[in-house]
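1. Please find the sequence and the predicted model below.
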Amino acid sequence: MNKPLDAEQSIALSTSIKSKAKAPFDNAYRAALATKGAIYVQGFVAVSGQPHKPIEHSWLELEDCIVDPSLPHFNRPATALHYFPAQRLTVKQLKAAIEEAKEDYPDDDPLPIYGKAPYEYYGDLMLGGKEYLAAHNAAIAQCQSLNQPKSTSNGHISDEG
C-alpha cells in the first residue's frame with residue numbers, strides 16, 4: 001500500500017532546501033541529507049493531463065508518509081500525484097552510490113542511480129532492473145486510467161482530464 005503524501009511537510013522541506021524545478025533527483029538527495037530517518041526513493045509519478053505518461057522522479061519516504069521536495073514545482077494538488085517506487089536507498093547507501101558514480105563516471109551527473117546491470121528497457125530508454133520496469137508499467141496504467149476520455153452530459157466524449 002502506498003503511503004500518503006504529506007503536502008505540508010513537502011512544501012516546508014522544499015522551501016528549506018531551496019528546491020529547483022526540473023531537479024527532482026537533486027532535490028530528493030539534498031532533502032534526504034537534511035531529514036532524519038529518510039529513505040531516498042526513485043521511480044515514477046503519474047498525473048492526470050499532460051504529459052499523459054509517467055514522469056521519472058525522486059522523493060523521500062518517512063515512516064508514515066511520502067515527502068516530495070519537488071511538490072511545489074508540479075503546480076497541481078497533492079491528491080493529483082500518484083507515486084510508483086522502483087528503488088529505495090538509505091542515506092548511507094545513497095552517499096556510497098554517489099561516490100562510486102563520481103569515481104566511475106566523473107563527467108556525468110551521479111543522479112539518478114539505477115543500481116547494477118542487467119538493465120531493463122522501457123521505450124527507448126534504459127533503466128535499472130526489473131523493479132524499474134514494473135514501476136514504469138504500473139505508472140503507465142495509472143496514467144491511462146487518469147486520462148480516460150469522459151462522457152459529457154450530452155453524450156459527447158471529452159478528453160479533458
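-> That came in fine, so what should we check first?
2. So Gln148: helix, strand or coil?
-> Applying DSSP: H, G, I helix; E, B strand; the rest coil to Gln148 yields a three-state assignment of coil.
3. Return the distance of it relative to Phe74.
-> In this structure, Gln148 and Phe74 are separated by 21 Å, where distance is defined by C-beta to C-beta, to the nearest Å. All C-beta spots, glycine's among them, are computed from the backbone N, C-alpha and C.
4. of those two, who's got more company?
-> Phe74 (17 against 11; other C-beta atoms under 10 Å).
5. Now the one residue sitting closest to the centre of the chain: which helix or strand?
-> Closest residue to the average C-alpha location of the chain: His57 at 2.7 Å, with C-alpha atoms, centre = their mean. If you go by DSSP states H and E, His57 is part of strand 55-61.
6. and that strand, what other elements does it pack with?
-> helix 24-34, strand 39-46, strand 66-67, strand 82-90 (3 or more C-beta pairs under 8 Å, 6 or more residues apart in numbering; DSSP states H and E).
7. Reformat the ones you listed into a markdown table and put distance to Glu103 and mean neighbour count next to each item.
-> Written out in a markdown table, the entries for the helices and strands packed on strand 55-61 read as follows (distance: least, C-beta to C-beta, whole Å; neighbours: other C-beta atoms under 10 Å):
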| stretch | distance to Glu103 | mean neighbour count |
| --- | --- | --- |
| helix 24-34 | 17 | 22 |
| strand 39-46 | 19 | 24 |
| strand 66-67 | 30 | 24 |
| strand 82-90 | 17 | 20 |
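8. Wait, Cys143 touches Gly49, no?
-> No - taking contact to mean C-beta atoms under 8 Å, the distance of 9.8 Å between Cys143 and Gly49 leaves them out of contact.
9. Of those two, give the one with the bigger neighbour count.
-> For the pair Cys143 and Gly49, the greater number of neighbours falls to Cys143 (21 against 12), based on other C-beta under 10 Å.
10. out of everything not next to it in sequence, what's closest to that one?
-> For Cys143, ignoring the flanking residues on the chain, the nearest one in space by C-beta to C-beta, 6 or more residues apart in numbering is Ala46 at 4.6 Å.
11. And for His82?
-> Using C-beta to C-beta, 6+ apart, the closest residue to His82 is Ala46 (4.4 Å).
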